[in-house]
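In: Model the structure of this input:
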Amino acid sequence: MVMNASTAYATLNNGVKMPWLGLGVYKAEDGAEVEQAVIKAIKAGYRSIDTAAVYYNEEGVGSAIKKSGVAREELFITTKVWNDDQGYESALRAFDQSMNKLGLDVLDLYLVHWPVEGKFKDTWKALETLYKAGKVRAIGVSNFNVTHLEELLKTAEIKPMVNQIEFHPYLLQEDLRKYCKEQGIQVEAWRPLTKGDIFSNPTVQEIANAHNKTPAQVLLRWNIEHEVVTIPKSVTESRIIENSQIFDFELTQEEIRKLDELNEDKRYGPDPETFDF
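Out: Residues are numbered from 1 along each chain as shown. Below is the predicted model:
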């Protein structure tokens, strides 16, 4: 089988299959903008859509799912519980609100958006309750460092299936990724393309030229080579299509090493250790 955005899946620690590539919709406006982006992505072969309560566009995502013409069971939909709603009862309420906006009966993946101190363990218990009830096919976390995961696993009945983190060649997060691999937690990348400033990096350009690919395609392929699920954000149809064309080439070990060596521990988003929740 020729791998593409529709057929390339990672298998989570509970056996659920999650597409290696998804569409991120952070900052996509609710209504026509996010709806059209999701419809165009699904048309281009994407089967995974990643939103969050705090993106305020779950309704648009839900509308696009209905209009896409693709069977619900073929799609993998992720949303996240925001910091203000953390805690056991409030997380359960937040889930119901998200599901109403999305118009779904079952969610594919529900994430704890940030490790809010003193709350994330109770929030996790809510996700375990939802999982046991069959309302969510997989549960996970986002922006959890090793210390947060170690703390969570002290009391968790169910191990997270996913940890969504900032990941790109400028931020390798090697220790965190190694820990997740040891624990059987699938790593997923947000902001995999930095803010686009990495595109002009000579190393990235050299590798892109060697494969007759764009810098974005090389970076997304680099994610896959590291066994990291990736969810680039775009609302532009040409970019959405371009970002999906990463399954017809591979990077050499030398190219991967060169990209790894660009690491500066540089973050574009908040540091989970210091983020003001």
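
In: can you give me the helices for the stretch 151-277 of the chain?
Out: Along the stretch 151-277 of the chain, the stretches classed as helices by DSSP state H, counting those that start in this stretch are 174-183, 202-211, 215-225, 237-244, 253-260.

In: So which of those helices is the most surrounded?
Out: Highest mean neighbour count of the helices of the stretch 151-277 of the chain: helix 215-225, a mean of 23 (counted as mean count of other C-beta atoms under 10 Å). (C-beta placed from N, C-alpha, C; glycine too.)

In: just the angle between that helix and helix 237-244, please?
Out: Orientation note: helix 215-225 sits at an angle of 30 degrees relative to helix 237-244 (axes from the mean of the first three to the mean of the last three C-alpha atoms, to 10 degrees).

In: Can I get helix 215-225 as PDB, trimmed to CA atoms?
Out: Provided in PDB are the C-alpha atoms of helix 215-225 (Å, rounded to 0.1, in the frame of the first residue of the first chain):
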ATOM      1  CA  PRO A 215      11.200  23.200   3.700                       C
ATOM      2  CA  ALA A 216       7.700  22.600   5.300                       C
ATOM      3  CA  GLN A 217       7.500  19.100   3.800                       C
ATOM      4  CA  VAL A 218      11.100  18.300   5.000                       C
ATOM      5  CA  LEU A 219      10.200  19.400   8.600                       C
ATOM      6  CA  LEU A 220       7.000  17.400   8.700                       C
ATOM      7  CA  ARG A 221       8.800  14.400   7.300                       C
ATOM      8  CA  TRP A 222      11.400  14.800  10.000                       C
ATOM      9  CA  ASN A 223       8.600  14.600  12.600                       C
ATOM     10  CA  ILE A 224       7.500  11.300  11.000                       C
ATOM     11  CA  GLU A 225      11.100  10.000  11.000                       C
END
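
In: What is it packed up against?
Out: helix 202-211, strand 229-230, helix 237-244, helix 253-260 (3 or more C-beta pairs under 8 Å, 6 or more residues apart in numbering; DSSP states H and E).

In: between these, which one is nearest to E182?
Out: strand 229-230 (17.6 Å; C-beta to C-beta).

In: Next, the residues that contact that closest one from outside, please.
Out: Strand 229-230 is contacted by residues 10, 18-22, 48, 162, 186-189, 192, 220, 223-224 when judged by C-beta atoms under 8 Å, 6 or more residues apart in numbering.

In: Apply 10 Å and report the result again.
Out: Applying C-beta atoms under 10 Å, 6 or more residues apart in numbering, the set of residues contacting strand 229-230 from outside is 8-10, 12, 18-22, 24, 48, 50, 76, 78, 162, 164, 167-168, 186-190, 192-193, 219-224, 243, 246.

In: Can you name the residues that contact R93?
Out: V81, D85, G87, A126.

In: Which helix or strand contains it?
Out: According to DSSP states H and E, R93 maps onto helix 88-102.

In: Which positions in that helix come out as buried?
Out: Neighbour-count burial for helix 88-102 flags Y88, S90, A91, L92, A94, F95, S98, M99, K101, L102 (criterion: 16 or more other C-beta atoms under 10 Å).

In: doesn't V38 make contact with the last one?
Out: No. Using C-beta atoms under 10 Å, L102 is not in contact with V38, being 11.3 Å away.

In: Can you check which residues contact both of the two?
Out: Residues touching both L102 and V38 by C-beta under 10 Å, 6+ apart: I49, T51, G60, V61, G62, S63, I65, I77.

In: ok, for the third one, nearest residue in space, not its chain neighbours?
Out: Which is G60. V34 (3.8 Å; C-beta to C-beta, 6 or more residues apart in numbering).

In: Wasn't I65 part of a strand?
Out: No. Assigned with DSSP: H, G, I helix; E, B strand; the rest coil, I65 falls outside any strand and is helix.

In: Touching, it and K101? I think so.
Out: No. Counting by C-beta under 10 Å, I65 stays clear of K101, with 11.4 Å between them.

In: so which of the buried residues of helix 88-102 comes closest to L130?
Out: F95 (5.9 Å).

In: Name the nearest residue to that closest one, sequence neighbours excluded.
Out: L130 (5.9 Å).

In: Sort out for me which of the shared contacts of L102 and V38 are in helices.
Out: G60, V61, G62, S63, I65 (DSSP state H).

In: looking at these, which has the most residues close by?
Out: Most neighbours among those, by other C-beta atoms under 10 Å: V61, with 27 neighbours.
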